[in-house]
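Visitor: Below is the structure, and that's it, no one-letter string:
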């Protein structure tokens with residue numbers, strides 16, 4: 001896939017940080033301003049254990065106050081203890097994932113979480129740019145608006161919905177996180193790339209089938225399967241390039257667009273239908289539990305199909 005970097009417009013007016021700590025529950029909003037000269041809003045999750053009454057501890061009735069609480073405020077003002085933890089603070093504590101191959105695999109997981117959740121792609125006048133923190137298992141643990149319009153239009157993105165929810169999955173202790181620049185561009189195209197790029201060319205992770213005779217047979221089997229299911233007249237004008245992985249039986253286990261037009265026109269290929277028939281979804285986490293054979297598959301505008309053994313990312 002071709003990485004498309006967008007210029008980052010850093011505002012001097014305000015910058016909003018959103019973060020969900022995996023070890024805490026609740027919401028506390030903290031406004032800091034003295035040190036930086038502009039407001040920073042931090043959302044944190046914390047459980048105030050001091051407010052939990054032990055079931056066996058007697059409480060004198062005379063000591064129980066009877067407050068008058070507005071019904072609206074009762075549902076909007078939880079009792080919490082503020083804890084200052086934002087995306088940068090987490091990086092300072094837990095460290096950062098920098099391995100190129102791991103970053104590439106996580107980038108795909110981030111894209112696969114956000115892209116289908118971005119349902120309303122109309123009405124953007126400017127690109128919305130965010131820095132997103134991702135745990136080693138692909139969980140999106142925090143995000144930070146980079147430009148002013150991203151701060152103001154967060155509701156037009158699915159980021160709040162895809163943010164890690166500790167109530168829905170096991171808690172994960174502090175661990176290194178990866179940083180990605182996520183751009184919701186005004187053309188309705190999602191772009192995800194490592195904030196610091198790759199220190200070297202990434203490699204496909206997981207065990208691989210390397211026996212040349214087996215690879216040759218799987219190459220022909222994949223070609224026949226794709227050729228038989230690819231029909232219709234192409235509307236694209238450039239080659240669509242994909243990395244496709246199959247298991248020892250020739251069953252597709254993973255596929256990845258390698259250039260932008262492959263993202264844009266993937267529905268004109270049989271790959272998503274083949275994948276959906278097996279896994280019930282167009283996307284799924286890469287299979288790293290069994291050896292796979294990897295191939296480059298090219299769909300040409302002329303209708304020609306090419307399948308060759310994988311030679312690595314270019």
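Guide: In hand now; what should we look at? Since this is a predicted model, take the numbers as computed values, not measurements.

Visitor: could you give me the average pLDDT of stretch 110-128?
Guide: Averaged over stretch 110-128, pLDDT sits at 91.

Visitor: End to end on that stretch, go ahead and measure it.
Guide: 16 Å (C-alpha to C-alpha, to the nearest Å).

Visitor: can you map out the strands along this protein?
Guide: Counting by DSSP state E, the chain has strands at residues 15-19, 28-32, 40-44, 128-134, 140-145, 178-184, 190-194, 240-246, 252-257, 293-299, 305-309.

Visitor: What's the local residue count around residue 191?
Guide: The tally of other residues near residue 191 (other C-beta atoms under 10 Å) stands at 20. Yep, even glycine has a C-beta here, placed from its N, CA and C like the rest.

Visitor: in terms of contact, does it touch residue 180 like I think?
Guide: No. Using C-beta atoms under 8 Å, residue 191 is not in contact with residue 180, being 9.9 Å away.

Visitor: pLDDT below threshold where in the stretch 51-200 of the chain?
Guide: Within the stretch 51-200 of the chain, the segments meeting pLDDT under 70 span 51-86, 168-173.

Visitor: That one: helices as residue ranges?
Guide: Under the criterion DSSP state H, counting those that start in this stretch, helices of the stretch 51-200 of the chain are mapped to 71-76, 87-94, 100-117, 148-152, 159-162.

Visitor: Need those helices in a markdown table (columns: distance to residue 263 and mean neighbour count).
Guide: Output for the helices of the stretch 51-200 of the chain, formatted as a markdown table (distance: least, C-beta to C-beta, whole Å; neighbours: other C-beta atoms under 10 Å):
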| stretch | distance to residue 263 | mean neighbour count |
| --- | --- | --- |
| helix 71-76 | 41 | 8 |
| helix 87-94 | 27 | 16 |
| helix 100-117 | 9 | 19 |
| helix 148-152 | 22 | 19 |
| helix 159-162 | 19 | 16 |
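
Visitor: Kindly report the domain assignment for this protein.
Guide: For the chain, the domain assignment from automatic domain parsing gives the residue ranges 15-49+80-194, 212-309.

Visitor: Distance to residue 201 for those domains - can I get that in TSV?
Guide: Shown next, in TSV, are the domains of the chain (distance: least, C-beta to C-beta, whole Å):
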stretch	distance to residue 201
domain 15-49+80-194	7
domain 212-309	13
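
Visitor: Looking at the strands of the chain, which is nearest to residue 211?
Guide: Residue 211 sits nearest to strand 293-299 of all the strands of the chain, at 9.0 Å, using C-beta to C-beta.

Visitor: Does anything pack onto the closest one? Which helices or strands?
Guide: For strand 293-299, the packing partners by 3 or more C-beta pairs under 8 Å, 6 or more residues apart in numbering; DSSP states H and E come out as helix 212-229, strand 240-246, strand 305-309.

Visitor: which secondary structure elements does the shortest one contact?
Guide: Meaning strand 305-309. Against strand 305-309 (3+ C-beta pairs under 8 Å, 6+ apart) you get helix 212-229, strand 293-299.

Visitor: partners of that strand in the sheet?
Guide: Strand pairing for strand 305-309, determined by DSSP bridges: strand 293-299 (antiparallel).

Visitor: what does the partner strand contact?
Guide: Identification of contacts with strand 293-299 by C-beta atoms under 8 Å, 6 or more residues apart in numbering yields 204, 208-209, 214-215, 218-219, 222, 226, 230, 234, 236, 239-248, 255, 258, 268-269, 271, 305-311.

Visitor: can you rerun that using 7 Å?
Guide: Under the criterion C-beta atoms under 7 Å, 6 or more residues apart in numbering, residues 204, 208-209, 215, 218-219, 222, 226, 239-246, 269, 305-311 lie in contact with strand 293-299.

Visitor: Equivalent analysis for stretch 98-106, please.
Guide: Contacts for stretch 98-106 (C-beta under 7 Å, 6+ apart): 97, 134, 138, 178, 194, 198-203, 205, 286.

Visitor: now do 10 Å
Guide: Residues outside stretch 98-106 that contact it (C-beta atoms under 10 Å, 6 or more residues apart in numbering): 1, 96-97, 134-138, 176-180, 192-206, 256, 285-286, 288, 313.
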